[in-house]
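Student: Sequence first, predicted model second:
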Amino acid sequence: DTPLRETTIMGCEQSKESDVEGAKPKMGSRKGIGHTERMGSQTRLARKGVGHTERMPRNRVSESITASLPPQLDKDGHMTEESVQRRIAKSVKVNQIVLGGEEDGKSAEERTRLDYAYVSQRGYYPDDVHKANQDKYSITTNFAGVEGDVLFAVYDGHGHYGHDCAEFAKGRYPKILAKHVRQLRIKQHKENMAAKAKSDNGDVKKSQKGAFNPKLWPMLTTTQYKAAIRKAHTECNKAMHNANAVDDTLSGTTLVACVFHDGNMIVSNAGDSRAVLGYNIEKKVDRPVSEEEKEDVEEEIGRAAKDEELDKAYDELAANLGDGGKLVALPLTRDHTPFRTDERERVKKAGGRVLTVDMLEGIVPVHENFGEFKMGEDIDEVGDPPRVWVKDADFPGTAFTRSLGDTVAESIGVTATPEIISRVVTKNDRMLVVALDGVFEFL
């Protein structure tokens, strides 16, 4: 028998806790949000963002009593190994799913075997030892009722109630996306049947055949799936705004996700979390694309530029490799921060202003020489990053330009609309890391 191809998926987060399956804050006082909520600059290292010392200690229902206890420190002030282990949640074992099912028409030998695992470590903040875990993840197999489909997503909460926002998105987003995927599949099925009925002398009954049998519904193109993802982001964001149990005035969550459907991986991102592909690239190997992906160039603003950047990354990597090839890290997402000129301009057009904290306080002159974003670079090392502020006010100070929640920031251009990229799953895809900035700043 021909062995199945194996792809490994690992989602890992730092400063977070999650499961597999109030009074509003006052505005002002330099409440910057994002990039692990640091408010430090080169000249004012003591600044803190929302959620450091402002939050009263409280245990989350999902946290054990031992996990919420203050950590034990050694003589050098570092956490003991026992304390570190108490803050880690991870897969007991590596899980496995075979991508695809009866609907795709492929034999078992032709399908990709995907191994996946997760690890999560709650962070340690000396000035707030009870700080709640604000980051979550979700893994949904047989997603949207499709055998062999799977959705991986991570949510990076920020702000005073970031843990509530991340938990809300974790509970709602997969369900909302699944709903829109089902709706599009049944709509396409009815349209296909109606067209067939018309060709069969107008037998209307045939147009309803199989309407309640998901196995007969067609798979979605990547263009259709992306439309479902955009709708899901918009709906989840509105639901968070309207939820009485969640205060997202100055809090929210980023969201990066990867769904496998009909031989494609579709990666969506809103915020500064990331997805990186471990790709075994060979000399003179072309970047794999699908026909639907080519159609998206005209549909999505800026898509051509993104494709060109990805193509260039492939070409540069291939040019430096020998005939045998090797495993390389290929970014599938771009951080949404004011470092990006396109994001900065979009926010400014919406009425926001972009300044570092030192600029806001008049310590340094106002400028926009923040440097251009380059795929794969770590911008978290910058001590005083550009942030988004309301005109003539010192809030919200977000270090990102896209997120779910963040009602105030949304009014000045911070949007929940994701950027999405799709690609055909190939034999050269070996590993996918979907994780938050708390992980990637150490990679």
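Tutor: That came in fine, so what should we check first? Residues are numbered from 1 along each chain as shown.
Student: C-alpha only now, for contacts and for neighbours.
Tutor: OK.
Student: who does the helix or strand where Ala197 lies touch, helix- and strand-wise?
Tutor: Assigning secondary structure by DSSP states H and E places Ala197 in helix 162-199. With contacts defined as 3 or more Cα pairs under 8 Å, 6 or more residues apart in numbering; DSSP states H and E, the secondary structure elements packing on helix 162-199 are strand 135-141, strand 150-158, helix 222-242, strand 252-261.
Student: What mean pLDDT does it get?
Tutor: Model confidence over helix 162-199, given as mean pLDDT, is 92.
Student: List the buried residues in it.
Tutor: Buried residues in helix 162-199, counted by 16 or more other Cα atoms under 10 Å: 162-178, 180-182, 184-186, 188-190, 193-194, 196-197.
Student: Tell me the secondary structure at Leu277.
Tutor: The three-state assignment at Leu277 reads strand, by DSSP: H, G, I helix; E, B strand; the rest coil.
Student: confidence score at the closest residue in space to it that isn't next to it in sequence?
Tutor: If the residues on either side of it in the chain are set aside, Leu277 comes closest to Leu432, at 4.6 Å by Cα to Cα, 6 or more residues apart in numbering. Per-residue confidence at Leu432 stands at 96 (pLDDT).
Student: thinking Leu432 is in contact with Ala275, fair?
Tutor: Yes - counting by Cα atoms under 8 Å, Leu432 sits close enough to Ala275 to count as a contact (7.0 Å).
Student: Look at Val408 and give its secondary structure.
Tutor: When states are read from three-state DSSP, the local structure at Val408 comes out as helix.
Student: From Ser411, how far out is the nearest residue to it once chain neighbours are set aside?
Tutor: If you skip the residues right next to it in sequence, Val408 has Thr249 as its closest partner in space, 5.8 Å away by Cα to Cα, 6+ apart. From Thr249 across to Ser411, the span is 11 Å (Cα to Cα, to the nearest Å).
Student: the more surrounded of these two?
Tutor: Looking at Thr249 and Ser411 with other Cα atoms under 10 Å, you find the greater number of neighbours at Thr249, namely 21 against 14.
Student: so when I look at that one, I'm seeing a helix, right?
Tutor: No - when classified by three-state DSSP, Thr249 is found to be coil rather than part of a helix.
Student: Verify the contact between it and Leu404 for me.
Tutor: No - taking contacts as Cα under 8 Å, Thr249 lies outside contact range of Leu404: 11.1 Å.
Student: before we move on, back to that, could you check how far the residue nearest to Val408 is from Phe395?
Tutor: As for Thr249, its distance to Phe395 is 11 Å (criterion: Cα to Cα).
Student: got a list of what Ser403 touches?
Tutor: With contacts taken as Cα atoms under 8 Å, 6 or more residues apart in numbering, Ser403 has the following neighbours: 252-255, 270-271, 414-417.
Student: and which of those residues is nearest to Trp217?
Tutor: Set against Trp217, the nearest of the contacts of Ser403 by Cα to Cα is Thr417 (27.6 Å).
Student: got the contact list for the closest one?
Tutor: For Thr417, the contacting residues are 230, 233-234, 270, 402-403, by Cα under 8 Å, 6+ apart.
Student: swap in Arg172?
Tutor: By Cα under 8 Å, 6+ apart, Arg172 lies in contact with Cys236.
Student: and with 10 Å instead?
Tutor: Taking Cα atoms under 10 Å, 6 or more residues apart in numbering, we find Arg172 in contact with 166, 232, 235-237, 239-240.
Student: where does the stretch 201-350 of the chain dip in pLDDT?
Tutor: For the stretch 201-350 of the chain, residues meeting the criterion pLDDT under 70 lie at 201-211, 282-325.
Student: Going by residue numbers, what spans are strands in it?
Tutor: Counting by DSSP state E, counting those that start in this stretch, the stretch 201-350 of the chain has strands at residues 252-261, 264-270, 274-281, 326-331.
Student: which of these sits most buried?
Tutor: Among the strands of the stretch 201-350 of the chain, judged by mean count of other Cα atoms under 10 Å, the one packed with the most neighbours on average is strand 252-261 (a mean of 28).
Student: Pairing partners for that strand, with directions?
Tutor: When sheet partners are counted by DSSP bridges, strand 252-261 sits next to strand 150-158 (antiparallel), strand 264-270 (antiparallel), strand 404-405 (antiparallel).
Student: Adding distance to Arg86 as columns, could you present the ones you listed in CSV?
Tutor: Listed next are the strands paired with strand 252-261 as CSV, based on distance: least, Cα to Cα, whole Å:
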stretch, distance to Arg86
strand 150-158, 21
strand 264-270, 30
strand 404-405, 30
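Student: who wins for proximity to Gln85 among these?
Tutor: Counting by Cα to Cα, Gln85 lies closest to strand 150-158 out of those; the figure is 21.2 Å.
Student: Keeping just the C-alphas, turn that closest one into PDB.
Tutor: Taking only C-alpha atoms (Å, rounded to 0.1, in the frame of the first residue of the first chain), the coordinates of strand 150-158 have been written out as PDB:
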ATOM      1  CA  VAL A 150     -10.600  20.900  10.000                       C
ATOM      2  CA  LEU A 151     -10.400  24.400  11.300                       C
ATOM      3  CA  PHE A 152      -7.500  25.600  13.500                       C
ATOM      4  CA  ALA A 153      -7.800  29.000  15.100                       C
ATOM      5  CA  VAL A 154      -6.000  31.100  17.800                       C
ATOM      6  CA  TYR A 155      -7.300  34.200  19.500                       C
ATOM      7  CA  ASP A 156      -5.100  36.700  21.200                       C
ATOM      8  CA  GLY A 157      -7.000  38.800  23.700                       C
ATOM      9  CA  HIS A 158      -5.900  42.300  24.700                       C
END
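Student: and that strand with strand 274-281, angle?
Tutor: On the basis of axes from the mean of the first three to the mean of the last three Cα atoms, to 10 degrees, strand 150-158 is oriented at 140 degrees to strand 274-281.
Student: Okay, angle between strand 150-158 and strand 135-141 too, please.
Tutor: Our comparison of strand 150-158 with strand 135-141, counting by the same axes, to 10 degrees, yields an angle of 170 degrees.
Student: circling back: would you reformat the strands of the stretch 201-350 of the chain as a markdown table and include distance to Asp135?
Tutor: Compiled in a markdown table, the strands of the stretch 201-350 of the chain are given as follows (distance: least, Cα to Cα, whole Å):
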| stretch | distance to Asp135 |
| --- | --- |
| strand 252-261 | 8 |
| strand 264-270 | 15 |
| strand 274-281 | 14 |
| strand 326-331 | 21 |
